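> next one to model:
(one chain, ligands or ions: 4)
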Amino acid sequence: MPRGKQSKGQCTHCGLEVAKNGVARHLKSCAPWQELVRKAENKKGGNEKLYRLRVQAAGLPEFWLDLEMRGRGALKDLDRYLRAIWLECCGHMSQFSFGGWRGDELPMGRRIQDVLEPGAELTHIYDFGTSSETLIKAVDVREGRPVSSHPITLQVRNVMPESECIECGQPAAWLCMECLQENIWGALCDKHAKAHPHDEYGEPIPLVNSPRLGMCGYTGPAEPPY
Ligand SMILES: [Zn+2]
Ligand SMILES: [Zn+2]
Ligand SMILES: [Zn+2]
Ligand SMILES: [Zn+2]
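Ligands and ions are numbered 1, 2, ... in the order given. The predicted structure follows:
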């Protein structure tokens, strides 16, 4: 897997890079975000509980997201979001629980505000065969009006971890699936992707910003749904 240096994320509101442990501080001073919040406060409607969720790939902490989620949003909304941005390969089953595999499965219709206490950590498992596990923690709750009609707003997303070409050490943009079958993170630069001899699983695939890349049939696109 890619080697993690100090993990940084990019704020989707202002575009600045933010340290993983500096998101709360950043949002307080992020002008476009504060503007969104102010505009939302002028809209009609009552206050809602709004959760800031820290989402992290289990065992791969360089993949992380900070989301604001409406408390009335349901687990299935979060499931859909995670599938779109990170996970979906072939429509596998998924579940939320407290405590991972040993925990009881939570119904997808449950609202975030009814299941998630600040500080508590949910586990999401996608695909019970070649599984991807994601940890979700409520790191903050505010009362206010949602900035979007969607249940989830992407605040900060990890900057794509750098991989080095296994041939020359230069920044890689491709991944060899045949190497991966042999448990080698076969990252390749443009030049060596062309020259790489393995083709049993097709041409090298582009590296994308997802902890599931190369697992089962996952090749991306790793884009947020909204
Ligand atoms: Zn910002
Ligand atoms: Zn699959
Ligand atoms: Zn190379
Ligand atoms: Zn290879």
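> now the helix or strand bottoming out on mean pLDDT in the chain - C-alpha only, PDB.
When the helices and strands of the chain are scored by mean pLDDT, DSSP states H and E, helix 177-181 comes last with a mean of 92. What follows is helix 177-181, C-alpha atoms only, in PDB (Å, rounded to 0.1, in the frame of the first residue of the first chain):
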ATOM      1  CA  MET A 177      -3.100  -5.900 -10.900                       C
ATOM      2  CA  GLU A 178      -0.900  -8.900 -11.500                       C
ATOM      3  CA  CYS A 179       1.700  -7.700  -9.000                       C
ATOM      4  CA  LEU A 180      -1.100  -7.100  -6.600                       C
ATOM      5  CA  GLN A 181      -2.200 -10.700  -6.900                       C
END
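> sketch out the low-pLDDT regions of this protein for me.
Along the chain, segments meeting pLDDT under 70 span 1-6.
> now do the helices in it.
Counting by DSSP state H, one finds helices in the chain at the ranges 23-29, 31-41, 75-82, 112-115, 177-181, 190-195.
> reformat those helices as CSV; add mean neighbour count and distance to ligand 4.
Just so you know, the C-beta spots here come from the backbone N, C-alpha and C atoms, and that holds for glycine as well. CSV is the format used below for the helices of the chain (neighbours: other Cβ atoms under 10 Å; distance: least, Cβ to the ion, whole Å):
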stretch, mean neighbour count, distance to ligand 4
helix 23-29, 15, 37
helix 31-41, 14, 42
helix 75-82, 20, 29
helix 112-115, 18, 42
helix 177-181, 17, 3
helix 190-195, 14, 10
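> any idea how far apart the tips of stretch 209-216 sit?
Start-to-end span of stretch 209-216 (Cα to Cα, to the nearest Å) is 16 Å.
> before we move on, back to that, Met69: which of the helices of the chain is closest?
When the helices of the chain are compared by Cβ to Cβ, helix 112-115 sits nearest Met69, at 5.5 Å.
> I'd say Ala84 and Pro225 touch.
Yes: the pair Ala84 / Pro225 is scored as a contact, 3.8 Å apart, by Cβ atoms under 8 Å.
> so what's the residue nearest to Leu60 when sequence neighbours are not counted up against?
Closest residue in space to Leu60, ignoring its immediate chain neighbours: Pro211 at 4.6 Å, by Cβ to Cβ, 6 or more residues apart in numbering. Contacts for Pro211 (Cβ atoms under 8 Å, 6 or more residues apart in numbering) come out as Ala57, Leu60, Phe63, Trp86, Ser132, Thr134.
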